[in-house]
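Undergrad: Quick one, what's the 3D model for this:
(one chain, ligands or ions: 2)
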Amino acid sequence: MTPPVRHPQTLAEAAALLRAGDVCAFATETVYGLGADATNSDAVLKIYETKGRPRFNPLISHCADLAMARRYGVFSPLALRLAQAFWPGPLTLVVPLTPGAGLSDLVTAGLETVALRVPGHATARALIEAVGKPIAAPSANPSGKLSPTMASHVRDAFADTVPVLDGGPCASGLESTILAIDGERVVQLRAGALPREEIEALLGQPVPIASADAAIASPGMLKSHYAPGASLRLDAPAPEPGEAYLAFGPEPRTGGPMLNLSPGRDLAEAARNLFPFLARLDASGAGRIAVAPIPATGLGEAINDRLIRAAAPHD
Ligand code: TXA
Ligand code: MG
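TA: Numbers count the residues shown, from 1 in each chain. Ligands and ions are numbered 1, 2, ... in the order given. As a prediction, this is how the structure comes out:
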């Protein structure tokens, strides 16, 4: 058996791993990312191998600030406005790739666009700054599984074979919102921790959701994703016998395992609890998890998106 990996204790140790072309998981304000130097193809390859991720699914490049991001992507006035309003923060912008800027082709999966974000977690930005390069990072979970919101989730998901810089629990608990920018046009490719309403309020115009065709252009928008082992039954006011229950607001009577995403119906609290609570109910051994109805507004759009994917048939 391979011995457990030695986890970096300081930002400098984590930066040294990344500079040496190794992977290292780190906290962002959304979920933990599995990072590697985005300019080093050997390093980026290790991300795909570690996650078992299909190579056609490109990665987000995390930058220390807007200036770094502008070296790798072409920002239209609209893209600049969004970046200035919401970075650092849980927004990923897909913009035209700057040719020859040095990003590994594996990061973009050969596309002519690049996904960029400046994370809201100060340690994450300091880490990127210390490496001096953008850090490619998908969520630090085996492909298709629940995203990690604590260092222990990452250690457990990879049986302690992946180094993790512990940055505490993630503040938002859902992945970033992804927008594709084409000149002055914008579409949402993935609902996420930045509610669409906030983006619309800034722009003063509706932000359409990408059609299924365009979602193929964001190859990670696979139907089954974020999947627990148990099956899911959504919009369930109460559990049936044998089901575990994920409540939101008032709790029905049940003899089975139950967790409440937010007794006070607070969507930010529910977003933070979503992945860890699904994982805990999954571990309770119930074959099926019934989930309470959750409003689709604000952060509810992303919460429902993740639940629908988690409920989709998978092996
Ligand atoms: O909050 C987050 O976004 C987390 C943290 C670690 O930053 N990261 C994350 O990465 O969720 P990942 O790999 O799980 O999701 C990235 C998504 C995928 O659906 C991928 O297909 C899409 O971004 N993507 C990346 N580059 C793209 C591009 N050039 N065009 C369209 N979609 C792209
Ligand atoms: Mg992911």
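Undergrad: Residues of the protein that sit close to ligand 1?
TA: Contact residues, the chain versus ligand 1 (CB under 6 Å from any ligand atom): 28, 30-31, 33, 57-60, 92, 94, 108, 111, 113-115, 137-139, 175-176, 178, 189, 217-221. Bear in mind the C-beta positions are built from the backbone N, C-alpha and C, glycine included.
Undergrad: Tell me which entries of the residues you listed lie within strands.
TA: Taking DSSP state E as the definition of strands, those contribute Gly33, Ile60, Thr92, Val94, Thr113, Val114, Ala115, Ile178, Leu189.
Undergrad: Give me the PyMOL select line for those, limited to the buried ones.
TA: Buried residues within those, by 16 or more other CB atoms under 10 Å, are selected in PyMOL with:
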select buried, resi 33+60+92+94+113+114+115+178+189
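Undergrad: Can you show me the strands along the protein?
TA: 24-26, 33-37, 60-62, 91-96, 113-117, 135-136, 164-165, 177-182, 185-190, 231-233, 243-247, 258-260, 288-291.
Undergrad: Pull up the pairing partners for the fifth one, direction included.
TA: According to DSSP bridges, strand 113-117 has the following sheet partners: strand 60-62 (parallel), strand 91-96 (antiparallel).
Undergrad: relative orientation of it and strand 177-182 in degrees?
TA: Relative orientation of strand 113-117 with respect to strand 177-182: 140 degrees, computed using axes from the mean of the first three to the mean of the last three CA atoms, to 10 degrees.
Undergrad: Show me the contact partners of strand 113-117.
TA: Taking contacts as CB atoms under 8 Å, 6 or more residues apart in numbering, the residues outside strand 113-117 that touch it are 58-63, 69, 72-73, 87, 90-98, 103, 107-108, 134, 176, 178, 180.
Undergrad: for the chain, which spans come out with low pLDDT?
TA: In the predicted model of the chain, residues 1-2, 212-225, 314-315 satisfy pLDDT under 70.
Undergrad: Please name the residues that touch the most centrally placed residue in the chain.
TA: With distances taken as CA atoms, centre = their mean, Glu175 lies nearest the centre of the chain, 3.1 Å away. Neighbouring residues of Glu175 by CB under 8 Å, 6+ apart: Thr30, Val31, Pro90, Ser139, Ser147, Arg190, Gly192, Ala193, Ala302.
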